[in-house]
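Undergrad: how would this look folded up:
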Amino acid sequence: MKKIFKFLLFVPVLLSAQDTEVTEAVQPAKGNYMQPIIMIVLILLFSYFLLWRPEQRRRKAAEAQRSSLKKGDRVTAMGILGTIDQVKDTTIILKTYDGSKIEFLKAAVTNVESASVVEEKNEQK
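TA: Reported below is the predicted structural model:
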């Protein structure tokens, strides 16, 4: 009985000695942070070229289109078609088909057809 008891006391010492050898062999090298940094940089570059940059181009094109609005242009604003009757700083006044006038923000304009294109279409009819 005493031999079994001594053996049972000695088993944890043996296991702890084996654990330290195993854990030393399994632990990764410390200070290797280059791979995660490279992955983060690649994700940022990916999102810049596929998400942010095209959105900036679309936004600039839409702003240029809105800044070039002039009287007589045919536009679509929030699904309503009309001809620009007056251009103000941040708004436009549209004249609709039935002759009524509606004021819209320039930011609501989604499609613009210049006055020269509208005149050509009217001449062809």
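Undergrad: contact partners for the residue positioned nearest the centre of the chain?
TA: Centrality entry for the chain: nearest residue to the mean C-alpha point is Leu51, 4.7 Å, by CA atoms, centre = their mean. For Leu51, the contact set (CB atoms under 8 Å, 6 or more residues apart in numbering) is empty. From N, CA and C alone the C-beta is placed, and that goes for glycine too.
Undergrad: mind checking the SS state of Leu50?
TA: helix (DSSP: H, G, I helix; E, B strand; the rest coil).
Undergrad: for it, give its distance to Leu44.
TA: 11 Å (CB to CB, to the nearest Å).
Undergrad: how about the strands of this protein, start to end?
TA: Using DSSP state E, the strands of the chain run over residues 74-77, 80-87, 91-95, 101-105, 109-113.
Undergrad: got the angle between the third one and strand 101-105?
TA: Which is strand 91-95. 150 degrees (axes from the mean of the first three to the mean of the last three CA atoms, to 10 degrees).
Undergrad: helices or strands next to strand 91-95 in the packing?
TA: strand 74-77, strand 80-87, strand 101-105 (3 or more CB pairs under 8 Å, 6 or more residues apart in numbering; DSSP states H and E).
Undergrad: quick one, which of the strands of the chain is nearest to Pro36?
TA: strand 109-113 (42.7 Å; CB to CB).
Undergrad: pull the residues that contact the closest one.
TA: The contact list for strand 109-113, computed with CB under 8 Å, 6+ apart, reads 65-66, 68-69, 73-78, 92.
Undergrad: hmm, which of those are the buried ones?
TA: Buried subset of the contacts of strand 109-113 (neighbour count, 16 or more other CB atoms under 10 Å): 65-66, 69, 73-75, 77, 92.
Undergrad: which one of the helices and strands packed on strand 91-95 is the most hemmed in?
TA: Mean neighbour count (mean count of other CB atoms under 10 Å) peaks for strand 74-77 among the helices and strands packed on strand 91-95, with a mean of 19.
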